[in-house]
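K.L.:
For reference, the sequence and a predicted model appear below.
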Amino acid sequence: MRKRMLCTLLVFFTGIFPALASAQVIISEIMYDAPGTEGSGEHDWIEVFNAGGASIDLSTYRFVEANTNHTLKLDRGLATLPSGGYAVIANSTGVFIADYPTFSGTLFDSSFNLSSSGESIGIRTGDLADSDPAFTYVPSDFATNNGGSLHRVAVSGTAFTANTPSPGSGSLVAQVAQESDTNTQTATTSNATSTATTTQTTLASVSSYVPPPLPKLYADAGHDRTVIVGADTLFDGRAYNRQQEIESNVRFSWNFGDGSTAEGPHVRHHFEYPGRYAVILNIAQDIDAAADQVIVTAESAHLGFIVHADNSIAVENLSGHDLDLSGWVIRSFGREFMLPEKSIILAEEALRIGYIRLGFTVSAHAELAYPNGIVALKAGERSETSSVSADNQTSVHDEPQKSETSRTTSPAARTPHIEVQKTEADEIRPGHEATTSALTASAGAVRATGRMGNYMWWLLAAVIAMVAGGATIAARRIKQSEWDITEE
């Protein structure tokens, strides 16, 4: 009789509280390899979902990783997770908030380091019973150091797909169909004289949470970067669909955060002033739209440009970090050499190129120019000190003195202003005008023949100089022959 009564009471209470028997917390999203250097997994986090029909106290649960039951400490929000609700468990809550400043959901702190090659993880209750039995996640290219995360496809099963991170939200639906039906349990007790039948009917609570739809379009503006003020930088934009396939027929709109905008997937832009800029890429396709943001730090150029005695050049990186000088131009005697893509100069190091690689010899008038052709530095200049070093380099002697400001402000300020004063001797000296014209033609010829070779122009300059000298002597003799000397 006692056994029958116990069984009857067990069935009775299960009918009254069906949700207690169906609570299930599962892992819904995994961020195991954020872009950049992970270190000890500071950027790692997981998202959990209450797929049961009742609220649970998540602070009593454990996150299983590396065969360790990690405790959970509430950082913000409520420890009670409602049916259909999401919460995030982060290795470092401070780093997580820095990565997702708009997050406003429930956040727990724990200690773990997810492997980029996949490992076994799971969720357990306070008494170490499996809520989400341990499973091994499979890495994806999009979720490995590319900004994506793994999203659970359905509550049942352990299938995941890579997508854009969405901590605190998703499309999973709590399994409450069984509890939403009318649950009728009958407890029957009988004795020799009577039989009583009791029917208990209860309805389980149904969550009102409606998950937002998954986006169909995703924007990618690249990565955060440091650029040089005044130098053109290439910005590449991409558009993806849910299957991580590149989409076409998409409109790309850029806002560079300095008042400038541009259209197109691949654009170049330069910043005029130092600072940190939020560059926003907006994409649109039909009725779908998405956006992405990168942080660009624009710094003044900390470079040095040296011409060595062996006709080689050196571009010094005087800053404290690596610099990309892709597309920068070295000019001398009308010849140009463009630095190839991904020309990275390490911090406090120099890029040295010989004249054989350049394809021409260089002089004291050599220039280092931005990709758009504007002169950044002349031979012997350093953008930090604007001084000319005499250590194993060609010095510039034929420039007038310039102030610190004139060397570092703008290309126009580097052009010296030379005043030419005429004297009385210039006006009466015979042949002076012809000589000046000849020398001017000589200089023009030198510039025009810069592309003919590094030796031909010397010969041509000598010939023109000889012609100019002969013209001067002839002019003087003609002038003297005009005088008639008469003795009285």
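P.N.:
Here it is on my side, so go on. The structure displayed is predicted, hence computed values, not measured ones. Numbers count the residues shown, from 1 in each chain.

K.L.:
Look up how far F135 lies from G52.
P.N.:
19 Å (C-beta to C-beta, to the nearest Å). The way it works is simple: take the backbone N, C-alpha and C, and place the C-beta from them, glycine included.

K.L.:
what about these two, which has more around it?
P.N.:
G52 (27 against 14; other C-beta atoms under 10 Å).

K.L.:
In three-state terms, label that one for me.
P.N.:
Under DSSP: H, G, I helix; E, B strand; the rest coil, the three-state class of G52 is coil.

K.L.:
Quickly note the distance from it to L107.
P.N.:
The gap separating G52 from L107 is 21 Å, by C-beta to C-beta.

K.L.:
for the chain, which spans come out with low pLDDT?
P.N.:
Scanning the chain for pLDDT under 70 picks out the ranges 1-23, 37-39, 175-212, 384-458, 461, 474-488.

K.L.:
where along it do the helices fall?
P.N.:
2-16, 93-99, 177-180, 355-358, 404-408, 424-428, 432-448, 456-481 (DSSP state H).

K.L.:
The fourth one: which residues count as buried?
P.N.:
Of the residues in helix 355-358, those with enough neighbours to count as buried (16 or more other C-beta atoms under 10 Å) are 355, 358.

K.L.:
packing partners for that helix?
P.N.:
Packing partners of helix 355-358 (3 or more C-beta pairs under 8 Å, 6 or more residues apart in numbering; DSSP states H and E): strand 335-338.

K.L.:
List the buried residues of the strand it packs on.
P.N.:
Result for strand 335-338 [16+ other C-beta under 10 Å]: buried residues 335-337.

K.L.:
for stretch 55-68, same thing?
P.N.:
55-56, 58, 61-65.

K.L.:
Could you pick out which of the residues you listed are located in strands?
P.N.:
56, 62-65 (DSSP state E).

K.L.:
out of those residues, who's nearest A154?
P.N.:
Nearest to A154 among these, counting by C-beta to C-beta, is I56 at 20.1 Å.

K.L.:
Kindly provide the distance from that closest one to M338.
P.N.:
63 Å.

K.L.:
what's the answer for N311, then?
P.N.:
Separation of N311 from M338 (C-beta to C-beta) stands at 19 Å.

K.L.:
Would you enumerate the residues in contact with the nearest residue to G122 once chain neighbours are set aside?
P.N.:
Using C-beta to C-beta, 6 or more residues apart in numbering and skipping residues adjacent in sequence, the residue nearest G122 is A134, 3.5 Å away. Neighbouring residues of A134 by C-beta atoms under 8 Å, 6 or more residues apart in numbering: 64, 120-122.

K.L.:
what's the answer for N91, then?
P.N.:
Under the criterion of C-beta under 8 Å, 6+ apart, the contact list for N91 reads 40-45, 110-114.

K.L.:
The nearest residue in space to it that is not next to it in sequence: how many residues sit nearby?
P.N.:
In space, and not counting its chain neighbours, N91 is closest to D44: 4.5 Å by C-beta to C-beta, 6+ apart. Using other C-beta under 10 Å, D44 is surrounded by 25 other residues.

K.L.:
show me what contacts D44?
P.N.:
D44 touches 31-32, 34, 38, 90-91, 112-114, counting by C-beta under 8 Å, 6+ apart.

K.L.:
my guess is R276 contacts V294, does it?
P.N.:
No: using C-beta atoms under 8 Å, R276 is not in contact with V294, being 11.0 Å away.

K.L.:
For these two, indicate the residue with more neighbours.
P.N.:
It is V294, of R276 and V294, that has more neighbours when counted by other C-beta under 10 Å, with 16 against 12.

K.L.:
Go ahead and confirm the more buried one touches D224.
P.N.:
Yes: look at V294 against D224 with C-beta under 8 Å: they come within range, at 5.3 Å.

K.L.:
Domain map for the chain?
P.N.:
Listed by automatic domain parsing, the domain ranges of the chain are 2-177, 218-299, 303-414, 425-481.

K.L.:
can you tell me how far N311 sits from F305?
P.N.:
14 Å.

K.L.:
Those two - which one has more neighbours?
P.N.:
Higher neighbour count among N311 and F305: F305, with 21 against 18, using other C-beta under 10 Å.
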